[in-house]
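**Q** got a predicted structure here, sequence first:
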Amino acid sequence: MITAQTLRQESDQPRRCFVVGPIGDPHAEHGSPEREAYEHHLGIFEQVIAPACAKYGVTAVRADGIAHAGDINEQICRHVVESDLVIADVSGGNPNVMYELGLRHITGKPTIHIGEAGQLPFDIASIRTIRYQRTRSHMTGARKEIESALEAGLRDGFELLTPARVLRGLQSDDGPASASEAGGGGNGEDEDSPGLLDDFAVIEGGLDDMAADMDAITKTIETIGALTEHSGTEMLDLTQANAPMTARLAAVARYAETISAPAGEMNNVAAAFAERMTTLDSGVRAALGLIEMTPPDERGEGAEEFLEQLMSLDEAAQEGLAQIGAFGTSAGAMVRVSRHLRKPVKDISAAVRQLTSAITRMGEWAAKARALAHSATA
């Protein structure tokens, strides 16, 4: 019979567990959301995670428990990448947690997900997550589930997870492989399992889709611009002919009808663009973090192409942003002309807001990519 003591005695079993999750602010005012978040997640760590790990001789630590002095961001990244095991509390889809989780998944090392019921992010719904509720009985149950996951993983090997499943919510065709099935000297890597370049390819596919979205948006703007120019010419002719106001209003109504379809399409494509950005953000940042930790001479062509793709996409997006911003300003002025223009202008304005926010985040990717590319040539 395999016992916890037997598993603890295995020399090659995980000994360090880094706990990724929301922490809150221990110095915040009592009763504030930040302080309540701190107390809650500290309780999950102390009552659920740490005891479950201790049962199998695994030492659990959170970011606020790192004892060594130094840059906290670098220390967290190293713990995420180098620790034998990571337990991630994904409650609420905290951006920092999702970034760290994406970085961890790229390594292919053992990872256990937990999360508060009703607070799980949709984009990792396909990955088994131990759920808990804020009651003593449910937290006890969650601790036992973690113990069971640890026992099974230590005995049979932990399931491999890939960034493709994190980003896309897809299961691999053959199902997740366990470390015991992977072979290759027991390093948990199958000959057919995705490597870093494969993971980059998944992200690049999403970036290609974003580039296509930008092209579609640009064409839609050109279409609306041409229709606007035609309407402006018509309105000028009516004004010079001293046409009655009813005739001018009819012309505006026709113009509003002609731009309604492209304006709606622009809003739909902008929404898809922004959604892709949100879905890819944690994976792209994780990939950039892994590239940063890899010596430049070991990165390979795939990493260089990935950085180039980020920079090229940003350049195209920045060019479009100026055009989109000016277009949004002129669209805002149109709404005062007639009520007929309110719906298409609303669609245009919504598209501009979504694109501006998404392109700003893309600029952060590109800035990091440029810094990494520069460090490789310096």
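**A** It's in.

**Q** buried sites along the regular element (helix or strand) spanning residue 376?
**A** Assigned by DSSP states H and E, residue 376 falls within helix 342-377. Residues of helix 342-377 classed as buried by neighbour count (16 or more other Cβ atoms under 10 Å): 344-345, 347-352, 354-355, 358-359, 362, 365-366, 368-369, 372-373. The way it works is simple: take the backbone N, C-alpha and C, and place the C-beta from them, glycine included.

**Q** how far off centre is that helix?
**A** 14 Å (Cα atoms, centre = their mean, to the nearest Å).

**Q** what packs against it?
**A** For helix 342-377, the helices and strands in contact under the criterion 3 or more Cβ pairs under 8 Å, 6 or more residues apart in numbering; DSSP states H and E are helix 196-240, helix 245-293, helix 300-334.

**Q** elements contacting the second one?
**A** Helices and strands touching helix 245-293, as assessed by 3+ Cβ pairs under 8 Å, 6+ apart, comprise helix 72-82, helix 95-107, helix 163-168, helix 196-240, helix 300-334, helix 342-377.

**Q** got the angle for the last one vs helix 245-293?
**A** Same thing as helix 342-377. 20 degrees (axes from the mean of the first three to the mean of the last three Cα atoms, to 10 degrees).

**Q** looking at the helices and strands packed on helix 342-377, which is buried most?
**A** Compared across these, helix 245-293 shows the largest average neighbour count, a mean of 19 (mean count of other Cβ atoms under 10 Å).

**Q** now the angle from that one to helix 95-107?
**A** Using the same axes, to 10 degrees: helix 245-293 against helix 95-107 is 50 degrees.

**Q** tell me how far helix 245-293 is from the chain's mean position?
**A** 19 Å.

**Q** what angle separates it from helix 72-82?
**A** On the basis of the same axes, to 10 degrees, helix 245-293 is oriented at 70 degrees to helix 72-82.

**Q** for helix 245-293, what is the average pLDDT?
**A** Helix 245-293 comes out with an average pLDDT of 84.

**Q** start at 7 instead
**A** Got it, the first residue is 7 from now on, which makes the last one we talked about helix 251-299.

**Q** run the angle between it and helix 202-246 for me.
**A** If you take the same axes, to 10 degrees, helix 251-299 sits at 160 degrees to helix 202-246.

**Q** now the helix holding residue 382: mean pLDDT?
**A** pLDDT averaged over helix 348-383 gives 85.

**Q** residues in contact with the nearest residue to residue 349 once chain neighbours are set aside?
**A** Leaving out its chain neighbours, the residue that sits closest to residue 349 by Cβ to Cβ, 6 or more residues apart in numbering is residue 266, at 6.4 Å. Contacts for residue 266 (Cβ atoms under 8 Å, 6 or more residues apart in numbering) come out as 349, 350, 353.

**Q** distance of the second one relative to residue 371?
**A** Counting by Cβ to Cβ, to the nearest Å, the separation of residue 350 from residue 371 is 32 Å.

**Q** show me the domain layout of the chain.
**A** Structurally, the chain divides into domains by automatic domain parsing as follows: 10-198, 204-383.

**Q** tell me where the stretch 7-156 of the chain has helices.
**A** Taking DSSP state H, counting those that start in this stretch, the helices of the stretch 7-156 of the chain run over residues 10-15, 39-50, 56-60, 78-88, 101-113, 142-162.

**Q** measure how buried residue 72 is and give me the count.
**A** By other Cβ atoms under 10 Å, 15 other residues sit near residue 72.

**Q** residue contacts, it?
**A** Contact analysis of residue 72 by Cβ under 8 Å, 6+ apart lists 78, 81, 82, 85.

**Q** ok, for residue 89, nearest residue in space, not its chain neighbours?
**A** Spatial nearest neighbour of residue 89, chain neighbours left out: residue 24 (3.9 Å); criterion: Cβ to Cβ, 6+ apart.

**Q** got the CA coordinates for stretch 27-38 in PDB?
**A** Coordinates of each C-alpha in stretch 27-38 appear next as PDB, following Å, rounded to 0.1, in the frame of the first residue of the first chain:
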ATOM      1  CA  GLY A  27      -3.100  33.500  -6.700                       C
ATOM      2  CA  PRO A  28      -4.700  36.800  -5.600                       C
ATOM      3  CA  ILE A  29      -3.100  38.100  -2.400                       C
ATOM      4  CA  GLY A  30      -4.800  41.400  -1.500                       C
ATOM      5  CA  ASP A  31      -3.400  44.100   0.700                       C
ATOM      6  CA  PRO A  32      -2.500  43.200   4.400                       C
ATOM      7  CA  HIS A  33      -2.100  47.000   5.200                       C
ATOM      8  CA  ALA A  34      -5.400  48.100   3.800                       C
ATOM      9  CA  GLU A  35      -8.100  49.400   6.200                       C
ATOM     10  CA  HIS A  36     -10.100  46.700   8.000                       C
ATOM     11  CA  GLY A  37     -13.400  45.900   6.200                       C
ATOM     12  CA  SER A  38     -12.000  47.200   2.800                       C
END
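
**Q** mean confidence for that stretch?
**A** Here the average pLDDT along stretch 27-38 is 85.

**Q** so what touches it?
**A** Here stretch 27-38 has contacts from 40-48, 50-51, 68-70, 94-98, 100, 103, using Cβ under 8 Å, 6+ apart.

**Q** low pLDDT regions in the stretch 107-256 of the chain?
**A** Scanning the stretch 107-256 of the chain for pLDDT under 70 picks out 128-132, 165-208, 210.

**Q** cutoff 90 now
**A** For the stretch 107-256 of the chain, the stretches with pLDDT under 90 are 107-117, 121-135, 137-147, 155, 157-242, 244-245, 254-255.

**Q** and which of the contacts of residue 266 is nearest residue 290?
**A** Proximity of the contacts of residue 266 to residue 290 (Cβ to Cβ) peaks at residue 353, which lies at 28.2 Å.
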